[in-house]
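Colleague: Sequence first, then the predicted structure:
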Amino acid sequence: MDLKRYLEERKTAVDRAIRDYLPEPRGPASELIKAMRYSLLAGGKRLRPILCLAGAEAVGGAWRDAMPVACALEFIHSYSLIHDDLPVMDDDALRRGVPTNHMVYGEAMALLAGDGLLTEAFRLLSAEETVSGISERRILRVIRLIARASGYQGMVGGQAVDIRSEGRSLDLETLRYMHACKTGALITASVTVGALLGGGDEHQVAALRSYGERIGLAFQIADDILDVEGDAEMMGKAAGSDQRKEKSTYPAVVGLHE
């Protein structure tokens, strides 16, 4: 299998599905919907939804059946990026090569756009087309895993540790915890719920969960290195922001070559 072609094909399918699931900007809340669409349709690798689809395929399931959940994962990821870029968080002006949401729509609307994407994700997770053909027990497990990975035990908790650690030197154990939550949790959940949606047994689900944990760690380490050595134009965001904000990263804690 040609990995590059596979990723391109699945990304195209995810992009198309996301457009179908997004509401059109009409009515009194049209400005909010525009702000939601702005960040969600700004591009990106679509790593989390693709991992979800791949997880379903890996256990013999049909990837198209996992598409609604895959899109919900991208809704959650996009919400987290909008909030992450806000002045009260990382205060970034560029994301995916375009101005961040709050630079275009203002801080209040950006905050609401993130809220809208998060809640829309859980509407999609519980929609009839999503749960059709899946046992109640299994779909509840999927929703529970995603909620946990997104909340204080996962992404939000990791972000809280990240904020509190600015200007401080973290030990390696705390750094691993922070990134396992902030970045790794949703990546791990993506491939795990894909396996569940594809009908995987417990052994298969556990194996793919372990794979997701390692992919999440590798992704974060690569992201930390790119912040030191990467090209801003290639990344679509400013390089060196972690160092300027005195954040704890893998290069800062263990050294770039370790």
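Modeller: Thanks, I have the structure now. Note that the structure is a prediction, hence the values are computed from the model and not measured.
Colleague: which intervals of the stretch 1-150 of the chain have sub-threshold pLDDT?
Modeller: Low-confidence segments of the stretch 1-150 of the chain (pLDDT under 70): 1.
Colleague: Show me the strands in it, by range?
Modeller: 94-95, 98-99 (DSSP state E, counting those that start in this stretch).
Colleague: Serialize these to a markdown table and add fields for mean neighbour count and distance to residue 198.
Modeller: From N, CA and C alone the C-beta is placed, and that goes for glycine too. Listed next are the strands of the stretch 1-150 of the chain as a markdown table, based on neighbours: other CB atoms under 10 Å; distance: least, CB to CB, whole Å:
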| stretch | mean neighbour count | distance to residue 198 |
| --- | --- | --- |
| strand 94-95 | 20 | 32 |
| strand 98-99 | 16 | 34 |
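Colleague: Nearest to residue 223 among these would be which one?
Modeller: strand 94-95 (13.4 Å; CB to CB).
Colleague: helices or strands up against that closest one?
Modeller: Of the remaining helices and strands, none touches strand 94-95 by 3 or more CB pairs under 8 Å, 6 or more residues apart in numbering; DSSP states H and E.
Colleague: Neighbouring strands - and their directions - for it?
Modeller: strand 98-99 (antiparallel) (DSSP bridges).
Colleague: next one: the strand it pairs with to chain centre, how far?
Modeller: 18 Å (CA atoms, centre = their mean, to the nearest Å).
Colleague: Repeat that for stretch 164-179.
Modeller: Using CA atoms, centre = their mean, the offset of stretch 164-179 from its chain centre is 20 Å.
Colleague: next one: stretch 21-32
Modeller: Counting by CA atoms, centre = their mean, stretch 21-32 comes out at 23 Å from the chain centroid.
Colleague: Just the CA coordinates for it, please, in PDB.
Modeller: C-alpha atoms of stretch 21-32 as PDB (Å, rounded to 0.1, in the frame of the first residue of the first chain):
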ATOM      1  CA  TYR A  21     -21.800  17.800   8.400                       C
ATOM      2  CA  LEU A  22     -21.200  21.600   8.900                       C
ATOM      3  CA  PRO A  23     -24.200  23.800   9.100                       C
ATOM      4  CA  GLU A  24     -24.500  26.600   6.500                       C
ATOM      5  CA  PRO A  25     -24.000  30.200   7.800                       C
ATOM      6  CA  ARG A  26     -27.600  31.500   7.900                       C
ATOM      7  CA  GLY A  27     -29.900  32.900  10.400                       C
ATOM      8  CA  PRO A  28     -29.200  35.100  13.500                       C
ATOM      9  CA  ALA A  29     -26.200  32.900  14.400                       C
ATOM     10  CA  SER A  30     -24.600  33.100  11.000                       C
ATOM     11  CA  GLU A  31     -21.500  34.900  12.200                       C
ATOM     12  CA  LEU A  32     -20.900  32.200  14.800                       C
END
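Colleague: Show me what counts as buried in that stretch.
Modeller: The neighbour-count check on stretch 21-32 (16 or more other CB atoms under 10 Å) flags 21, 22, 32 as buried.
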